[in-house]
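S.K.: Take a look and give me a structure for this.
(chains A, B, C and D)
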Protein chains: 2
Amino acid sequence: MTTDGTDRTDRTDKLLDGRLKLRHLTLVTGIADQGSVVGAAKALHVTQPVVTRGLHEVEAILGVSLFDRGHRGVTPTIYGESFIEHARAVLAQLRQAGRQLDLLARAELGRVRVGTHLAGSNLLLPRAIASLKSEHPRLTVIVREATPDLLQTALLTGDTDLTIGRLTPSLPQGLAQERLYAEPVRLVARAGHPAHELREPTLGQLAGYPWIFPVSQTELRAELEELFVHEGLPIPADRVECTSILTVRQLLLTTDMIAALPMLIAEDDAHLGVIDTPLPSIRRSVGVTFPADRPLSPATGALLTHLRQEAARLRPGLA
Amino acid sequence: MTTDGTDRTDRTDKLLDGRLKLRHLTLVTGIADQGSVVGAAKALHVTQPVVTRGLHEVEAILGVSLFDRGHRGVTPTIYGESFIEHARAVLAQLRQAGRQLDLLARAELGRVRVGTHLAGSNLLLPRAIASLKSEHPRLTVIVREATPDLLQTALLTGDTDLTIGRLTPSLPQGLAQERLYAEPVRLVARAGHPAHELREPTLGQLAGYPWIFPVSQTELRAELEELFVHEGLPIPADRVECTSILTVRQLLLTTDMIAALPMLIAEDDAHLGVIDTPLPSIRRSVGVTFPADRPLSPATGALLTHLRQEAARLRPGLA
DNA sequence: GCGGCCTATGCCCGTACGGGCATACCATCG
DNA sequence: CGATGGTATGCCCGTACGGGCATAGGCCGC
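M.R.: From the prediction side, this is the model:
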């Protein structure tokens, strides 16, 4: 359609040159439905001459007559039959478009892309997704796992609608966050690990074991280091740095390693045990982050609602 | 849609309440194609504010925003994506409607319903159909066989577009006919029939054989009777009255019966022989009959053209 | 910091669009 | 023959539609 209009403007183009109106389509289908001009006029709540004139307009635009006039109403010509069919299809398509928009606006259709890293992905997100899908089955949920910084840029570029995870104190311009709950961080080791025998062991008592540390970009890493520094201890030399939760878990299960994990992940695994060391200084504020300028899409809003609900049900357990 | 508008007029109805124009659809698709308002304005040969305003109108009508405005053009929202898709479909459907009408008008699409009885259906009609279909392959030809009076009423009610056959001198109001050729009627008997031995036998010489007569509604029956009366002969008592050409043929082949048939049918059958009796008084004017008031549909006109051509090529053989 | 490239706003204008009313015309039917 | 039920015509009217011009305003990138 970028060709300038030097080609002969035949009937095909006439349809879209602005003369044909949607009104004409409803007129034609109305006449076809009612079988007469007066009938169509009644059905469309206008007077009969309006319908007659409108019909004449369409026929002039198309260059063919659409109905044969009889004394007992009108009957479609072959052109009429063809055009009526298309007109019906067009109107149906438009109605469909309207319905679709309604569904989208009511979050009964559409998609929400949620990013997650670690916190929240174990219990909160699956529960929220399950309850969301039970309410809006036709809604598509796309979960993307990545490091928090990647997720932030994805939020800014619009590749992701919402992220859930550890809230960072410094938030880039254009993003907003909402706190859902504060989840303590606990030290974890395999069931049967010797550390479980101790009552409120200090970091010093545990420093001799091998450790799993978060990679250095994360907040938790910094806080953990600070904790060691505060106790006057060096960072354990015998350590692994790892982000993959599956790897972390296997390492914990098969070795005597100790790791710091969000409590909801630590407690949920029967093969792991939470060490009795209190870490009151580390509470991960878990929540959602989303673009601040635009309003959320309905689907995103729906997911957010369910995240809030599930977070509220989760909060009592996080004493 | 016959329900009066007491139900809540939600977005679905807004699309068809007259506010949304086709123009809006072209605007939206144009913006989507070009990726920017200025681009769409250029492509549509209008100024940029027009496009901006139009876009705002659609968004107001639909109640959602269709594009996110950026500094580098615009990008569709989820609503935009959905609506653009439907808008494209609608416009494509309209273009398709235009193309279809063009095809119909140029008789490259459509159907012609032709009625036939006996004369013309043996050679003229099949040849005309073959040549018509070779020129317009997508054209549907519907052949209906019935007695002439039924065909006439079918023409008048519009159930048939055209009939080919014996022209009747008395034509009902509203029908017109066109003569294509004059086809002699000949007496026919099986090959090897004793009558073939005679040179220009008179009716009297043949009256002793059994005869096949047309049924009494037909013109040919009347003419045949008149012929016998003119020669002072009674109508043969040993006779069958039959309209089915297949039955007639079998009767002729398996008995010594004599029948009067249009020459083009009689001569075309190797197992039948034309008796040497001249019947100059009976020449069947063969032609087409069609409704007089309305113009013929393009497909009908096309068939008529080919009927004329084939008739012209047939005429030399009818000395 | 300035110019380019977007979109958005405000204002103006002519026309045709969408619709009503009255009436003519034409066929059928009782 | 008139009544009825169709369609077609002519005329009138208000408004909103479709578009142009000028300009404002935000965000790059150089």
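
S.K.: For the rest of this, base every contact and every neighbour count on C-alpha atoms.
M.R.: Will do.

S.K.: Checking the residue nearest to residue A:182 when sequence neighbours are not counted next. Helix, strand or coil?
M.R.: Spatially, and ignoring its direct neighbours in sequence, residue A:182 is nearest to residue A:285 (4.3 Å; C-alpha to C-alpha, 6 or more residues apart in numbering or on different chains). Secondary structure for residue A:285, judged by DSSP: H, G, I helix; E, B strand; the rest coil, is strand.

S.K.: measure the residue positioned nearest the centre of chain A to DNA strand D for me?
M.R.: Chain A has residue A:112 as the residue nearest its centroid, 1.1 Å off, counting by C-alpha atoms, centre = their mean. Distance of residue A:112 to DNA strand D, given as C-alpha to the nearest atom of the strand, to the nearest Å: 25 Å.

S.K.: ditto for residue A:255
M.R.: 50 Å.

S.K.: Give me the distance between the residue nearest to that residue when sequence neighbours are not counted and residue B:236.
M.R.: Nearest residue to residue A:255 in three dimensions, chain neighbours excluded: residue A:190, at 7.8 Å (C-alpha to C-alpha, 6+ apart). The spacing between residue A:190 and residue B:236, counted by C-alpha to C-alpha, to the nearest Å, is 117 Å.

S.K.: The two: which is more packed in?
M.R.: Under the neighbour definition other C-alpha atoms under 10 Å in any protein chain shown, residue A:190 and residue B:236 were set side by side, and residue A:190 has more, 26 against 17.

S.K.: what's near enough to touch that one?
M.R.: A:252, A:253, A:254, A:255, A:256, A:257, A:271, A:272, A:273 (C-alpha atoms under 8 Å, 6 or more residues apart in numbering or on different chains).

S.K.: Just the buried subset of those residues, please.
M.R.: By neighbour count, with 16 or more other C-alpha atoms under 10 Å in any protein chain shown, these hold A:252, A:253, A:256, A:257, A:272, A:273 as buried.

S.K.: Now, those residues that are in strands?
M.R.: Of the buried ones among the contacts of residue A:190, the ones assigned to strands by DSSP state E are A:272, A:273.

S.K.: Dump the buried ones among the contacts of residue A:190 to TSV, plus distance to residue B:139 and pLDDT.
M.R.: Shown next, in TSV, are these (distance: C-alpha to C-alpha, whole Å; pLDDT from 0 to 100):
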residue	distance to residue B:139	pLDDT
A:252	77	95
A:253	76	94
A:256	83	95
A:257	81	95
A:272	77	93
A:273	80	93
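
S.K.: Of the buried ones among the contacts of residue A:190, just say which sits nearest to residue A:299.
M.R.: Of all the buried ones among the contacts of residue A:190, residue A:299 sits closest to residue A:272, with 36.2 Å by C-alpha to C-alpha.

S.K.: Not counting its neighbours along the chain, what's nearest the closest one?
M.R.: Nearest to residue A:272 is residue A:190, by C-alpha to C-alpha, 6+ apart, at 4.4 Å.

S.K.: picking up where we left off before, figure out how far the helix or strand containing the residue nearest to the centre of chain A is from the centre of its chain.
M.R.: Residue A:112 belongs to strand A:110-116 when assigned by DSSP states H and E. Centroid separation for strand A:110-116 versus its chain: 3 Å, with C-alpha atoms, centre = their mean, to the nearest Å.

S.K.: can you check stretch A:240-257 too?
M.R.: 31 Å.

S.K.: Please write out the alpha-carbon positions of that stretch in PDB.
M.R.: Provided in PDB are the C-alpha atoms of stretch A:240-257 (Å, rounded to 0.1, in the frame of the first residue of the first chain):
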ATOM      1  CA  VAL A 240      31.800 -22.400  46.400                       C
ATOM      2  CA  GLU A 241      30.000 -19.500  44.800                       C
ATOM      3  CA  CYS A 242      26.900 -20.600  43.000                       C
ATOM      4  CA  THR A 243      23.600 -19.200  41.800                       C
ATOM      5  CA  SER A 244      21.900 -22.300  40.600                       C
ATOM      6  CA  ILE A 245      19.500 -23.500  43.300                       C
ATOM      7  CA  LEU A 246      19.500 -27.000  42.000                       C
ATOM      8  CA  THR A 247      23.300 -27.200  42.200                       C
ATOM      9  CA  VAL A 248      23.200 -25.600  45.600                       C
ATOM     10  CA  ARG A 249      20.800 -28.200  46.800                       C
ATOM     11  CA  GLN A 250      22.800 -31.100  45.500                       C
ATOM     12  CA  LEU A 251      25.900 -29.700  47.100                       C
ATOM     13  CA  LEU A 252      24.200 -29.400  50.400                       C
ATOM     14  CA  LEU A 253      22.800 -32.900  50.300                       C
ATOM     15  CA  THR A 254      26.000 -34.600  49.300                       C
ATOM     16  CA  THR A 255      28.500 -32.700  51.300                       C
ATOM     17  CA  ASP A 256      28.800 -31.000  54.700                       C
ATOM     18  CA  MET A 257      28.500 -27.600  53.100                       C
END
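
S.K.: Now do the closest residue to residue A:278 other than its chain neighbours, the pLDDT please.
M.R.: Computed as C-alpha to C-alpha, 6+ apart, the closest residue to residue A:278 that is not its neighbour in sequence is residue A:200, at 6.8 Å. Looking at residue A:200, its pLDDT reads 91.

S.K.: do the same with residue A:14
M.R.: 58.

S.K.: What of residue A:4?
M.R.: Value for residue A:4, per-residue pLDDT: 36.

S.K.: residues touching residue A:206, list them.
M.R.: residue A:195.

S.K.: ok, so what distance separates the residue in the stretch 201-319 of chain A that chain B sits nearest to from DNA strand D?
M.R.: Using C-alpha to the nearest C-alpha, the closest approach of the stretch 201-319 of chain A to chain B is made by residue A:297 at 8.1 Å. Separation of residue A:297 from DNA strand D (C-alpha to the nearest atom of the strand): 21 Å.

S.K.: any idea of the pLDDT on that residue?
M.R.: For residue A:297, the predicted pLDDT is 85.

S.K.: list the contacts for it?
M.R.: Residue A:297 neighbours (C-alpha under 8 Å, 6+ apart): A:105, A:161.

S.K.: Please report how far it lies from residue A:287.
M.R.: Counting by C-alpha to C-alpha, the separation of residue A:297 from residue A:287 is 18 Å.

S.K.: hmm, back to that, what about the residue nearest to residue A:272, distance to residue A:279?
M.R.: For residue A:190, the distance to residue A:279 - C-alpha to C-alpha - is 18 Å.

S.K.: Okay then, goodbye and thanks.
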